[in-house]
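Enquirer: quick one: sequence and predicted model below, then my questions.
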Amino acid sequence: MVVIRLARGGSKRRPFYNLVVADSRNRRDGRFIERLGFYNPVSGSNVDQIRIALDRVKYWQDNGALLSPVVTRLVKEYSSKQIAV
């Protein structure tokens with residue numbers, strides 16, 4: 001099964017997450033199919049905290065990929081922010 005989930009990067013106490021499409025059997029930070037964006041929860045105020053390629057997320061959802069609960073929340077937040085701008 002193909003899932004869209006977060007892969008953790010960064011150092012200790014400075015998390016950085018990549019939004020990736022991966023086979024569910026692979027490790028969380030292991031091999032992935034495509035990188036769709038990033039989420040940086042500890043970024044500064046003038047730096048992008050989140051960036052997602054919504055067209056690619058839609059493409060993968062149309063082809064049967066499932067979103068993790070956290071990714072669902074992030075996509076909803078990001079899409080509402082894009083419409084407001």
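Expert: Happy to help now that I have it.
Enquirer: show me where the protein has strands.
Expert: 2-11, 14-23, 34-39, 50-52, 66-67 (DSSP state E).
Enquirer: quick one, what contacts the residue nearest the centre of the chain?
Expert: Geometric centre of the chain, nearest residue: Leu19, 2.5 Å, by C-alpha atoms, centre = their mean. The contact partners of Leu19, taken as C-beta atoms under 8 Å, 6 or more residues apart in numbering, are Ile4, Arg5, Leu6, Arg35, Leu36, Gly37, Phe38, Tyr39, Ile52, Val71, Leu74. To be clear about C-beta, it is placed using only N, CA and C from the backbone, and glycine gets the same treatment.
Enquirer: and the gap between Asn40 and Phe16?
Expert: Distance from Asn40 to Phe16, counting by C-beta to C-beta, to the nearest Å: 5 Å.
Enquirer: give me the nearest residue to Gln82, chain neighbours excluded.
Expert: Leu54 (7.1 Å; C-beta to C-beta, 6 or more residues apart in numbering).
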